[in-house]
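Peer 1: give me a 3D structure for the following:
(one chain, ligands or ions: 2)
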Amino acid sequence: PQPSPRRPIRELPDELISQIAAGEVVERPASVVRELVDNALDAGATEITVRLVAGGVRAILVEDDGIGIPADELPMALKRHATSKIASLAELEAVSTMGFRGEALAAIASVAEVAVLSRTAGADHAWRLDARSGELAPAARGVGTSVEVRELFFSTPARRKFLKTDATELAHCIEAVRRHALARPDVAFAVWHEGRLVEQWRRASFEQRVRDVLGADFMEGAREVQARVGPLALSGYAGVPEAARSRADQQYFYVNGRYVRDKLLAHGVRAAYEDVLHGARQPVYLLRLDIAPDRVDVNVHPTKIEVRFRDAREVHQAVRHAVEAALAQPHTQAAAAPAG
Ligand code: ADP
Ligand code: MG
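Peer 2: Numbering: from 1, shown residues only. Ligands and ions are numbered 1, 2, ... in the order given. Okay, here's the model as predicted:
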């Protein structure tokens, strides 16, 4: 074929840059839920409510009681690469907030209709910014923030086609909140779908939250994980081999409070089950790794679902040994029956 004639190099328009970025960050309603709940947690919320319409495709509303955004900064919140969370490379390397890239709201606003309603402690009332029109108007709500996202992918029908049924999208949205809920038992969560309360987790101890979210069955077969190896701390629960499932649908790993899907960590856990779990059976677990922020790079992927460790071997070993030690326990307080 004939090569097409060369066109001059041009900078992409801002809107298109955001839409390209959105391709990486916003796959489906659940990705929006995840980003908005991340923001609520970063704002210090103690109570987060998620309201969905049509599995989140028609509308996603996330309300929090966090610190809010001052009215004069609302337009900035929607700007690409604008963040209040880091200001330098040194801060990036020590980052402890869920967000820091300053692109989620801009990305979402490029593929959906977005409004942000917020009130800070000092303000007389809230303000609502409509992303499309740029209109800023007084509004009513207590201290905190509500983000409204409507008609996801309305302008990108190709993307919209990839969405599954409302029921499936709803399930993914709930799973996104569940992942946060397991990391933050100190925060209350509620999920509503079309006016019906579908999930609610009240503030609780870690153990109680795990029981509330994953069920008594999970706890029944759980062994407590507790290990400290140099700068690493591992905690949580690993299911006994008999509790393994045919699907890998109860495998939760958190690094410094962030839910991750990481090959190295998954492999470390799997290695601990090597001699006791055969075939395609999938172990159940909820593990938390705490590590100095400068030993882990969370800026590997736009969704931050993958991480990179400075001492990968050490981390792998620590995970494996911690889970092996937990599985070797004959009995645990984690089990439902109180010890005699
Ligand atoms: P990031 O979280 O990476 O900073 P976002 O696009 O998600 O980027 O958000 C941009 C900025 O908007 C945040 O840095 C924060 O200052 C503000 N913001 C967003 N959501 C909230 C919220 N729920 N409460 C308070 N501030 C928020
Ligand atoms: Mg964010």
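Peer 1: for the stretch 51-200 of the chain, which residues are neighbours of ligand 1?
Peer 2: Taking Cβ under 6 Å from any ligand atom as the contact definition, the stretch 51-200 of the chain meets ligand 1 at 64, 66-69, 77, 83-85, 99-106, 145. The C-beta positions use only the backbone N, C-alpha and C, and glycine is treated the same way.
Peer 1: filter these to the buried ones?
Peer 2: Buried subset of these (neighbour count, 16 or more other Cβ atoms under 10 Å): 64, 66-69, 77, 83-85, 99-106, 145.
Peer 1: residues contacting the residue in the chain positioned nearest to ligand 1?
Peer 2: For the chain and ligand 1, the shortest gap (Cβ to the nearest ligand atom) falls at Gly99, measuring 2.3 Å. Counting by Cβ atoms under 8 Å, 6 or more residues apart in numbering, Gly99 touches 35, 38-39, 42, 83, 85.
Peer 1: these also near ligand 2: which ones?
Peer 2: Counting by Cβ under 5 Å from the ion, Asn39 from the contacts of Gly99 sit close to ligand 2.
Peer 1: and the residue lying closest to Asp186 once chain neighbours are set aside, how close does it get to Ala190?
Peer 2: Of all residues not flanking Asp186 in the chain, Arg203 sits nearest, at 6.0 Å (Cβ to Cβ, 6 or more residues apart in numbering). Separation of Arg203 from Ala190 (Cβ to Cβ, to the nearest Å): 12 Å.
Peer 1: so those two - more neighbours on which side?
Peer 2: Higher neighbour count among Arg203 and Ala190: Ala190, with 17 against 14, using other Cβ atoms under 10 Å.
Peer 1: per-domain residue ranges of the protein.
Peer 2: Taking automatic domain parsing as the reference, the chain has its domains at 14-201, 206-328.
Peer 1: okay, now the unreliable bits of the stretch 201-340 of the chain?
Peer 2: Scanning the stretch 201-340 of the chain for pLDDT under 70 picks out the ranges 331-340.
Peer 1: tell me the pLDDT at the residue in the chain that ligand 2 sits nearest to?
Peer 2: Among all residues of the chain, Gly99 sits closest to ligand 2, at 2.9 Å; criterion: Cβ to the ion. Note on Gly99: pLDDT of 94.
Peer 1: gap between it and Lys164?
Peer 2: Distance, Gly99 to Lys164, using Cβ to Cβ: 27 Å.
Peer 1: then Ser18?
Peer 2: The spacing between Ser18 and Lys164, counted by Cβ to Cβ, is 25 Å.
Peer 1: tell me which helix or strand the residue of the chain closest to ligand 1 sits in.
Peer 2: Using DSSP states H and E, Gly99 sits within no helix or strand.
Peer 1: can you give me phi and psi for it?
Peer 2: The phi/psi pair for Gly99 (degrees, to the nearest 10) reads phi -100, psi 160.
Peer 1: Trp192 contacts Gly56, correct?
Peer 2: No: the pair formed by Trp192 and Gly56 falls short of the contact definition of Cβ atoms under 8 Å, at 11.3 Å.
Peer 1: so which of those two has more stuff around it?
Peer 2: The neighbour comparison of Trp192 against Gly56 (other Cβ under 10 Å) goes to Gly56, with 28 against 16.
Peer 1: over to Leu16. Which of the three states is it?
Peer 2: The three-state label given to Leu16 by DSSP: H, G, I helix; E, B strand; the rest coil is helix.
Peer 1: burial count for it?
Peer 2: Residues near Leu16, counting by other Cβ under 10 Å, number 11.
Peer 1: got it, and Asp249?
Peer 2: Neighbours of Asp249 using other Cβ under 10 Å come to 9.
Peer 1: where exactly do the strands run in the stretch 1-150 of the chain?
Peer 2: Ranges of strands in the stretch 1-150 of the chain, per DSSP state E, counting those that start in this stretch, are 47-53, 59-64, 113-119, 126-130, 136-139, 144-150.
Peer 1: as TSV, those with mean pLDDT would be great.
Peer 2: Converted to TSV, these look like this (pLDDT from 0 to 100):
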stretch	mean pLDDT
strand 47-53	98
strand 59-64	98
strand 113-119	98
strand 126-130	98
strand 136-139	98
strand 144-150	98
